[in-house]
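Participant: how would this look folded up:
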Amino acid sequence: MLPVNNLRTWRQRRALSQVDLSERAGVEQATIARIESRKTARPSTVRKLAEALEISVEQLMGQSLEGMAPAA
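Facilitator: Just a heads-up that it's a prediction; the model follows:
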């Protein structure tokens with residue numbers, strides 16, 4: 001499992017609900033809820049989510065805040 005520290009932040013900044021993101025990424029909404037609460041995910045899921053959010057894996061994992069604009 002990999003640390004995923006910024007999923008909720010990125011999802012909200014992209015104005016996506018958990019359901020919206022689950023459809024874009026091809027993962028269950030329950031998986032997104034679990035990741036947001038436990039802050040870990042499988043590497044394959046992290047890649048899918050980063051791609052759906054159009055960010056790098058590093059940004060999703062919280063290793064880089066580059067490109068994270070302030071919330072509107």
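Participant: from here on, contacts and neighbour counts on C-alpha atoms
Facilitator: OK.
Participant: residues contacting P3?
Facilitator: Residues near P3 by CA atoms under 8 Å, 6 or more residues apart in numbering: K39, T40, A41, M61.
Participant: and the pLDDT for the closest residue in space to the first one that isn't next to it in sequence?
Facilitator: Sequence neighbours aside, V4 is the residue nearest to K39 in space, at 4.8 Å (criterion: CA to CA, 6 or more residues apart in numbering). Note on V4: pLDDT of 94.
Participant: what's the helix or strand for R24?
Facilitator: Element membership for R24, per DSSP states H and E: helix 18-25.
Participant: just how off-centre is that helix within its chain?
Facilitator: Centroid displacement of helix 18-25 relative to its chain, using CA atoms, centre = their mean, to the nearest Å, is 10 Å.
Participant: next, the residue nearest to K39: phi, psi?
Facilitator: Main-chain torsions, V4, degrees, to the nearest 10: phi -130, psi 90.
Participant: so it touches M61, yeah?
Facilitator: Yes: under the criterion of CA atoms under 8 Å, V4 makes contact with M61 at 4.3 Å.
Participant: so these two - more neighbours on which side?
Facilitator: Set V4 next to M61 and count neighbours by other CA atoms under 10 Å: V4 wins out with 24 against 20.
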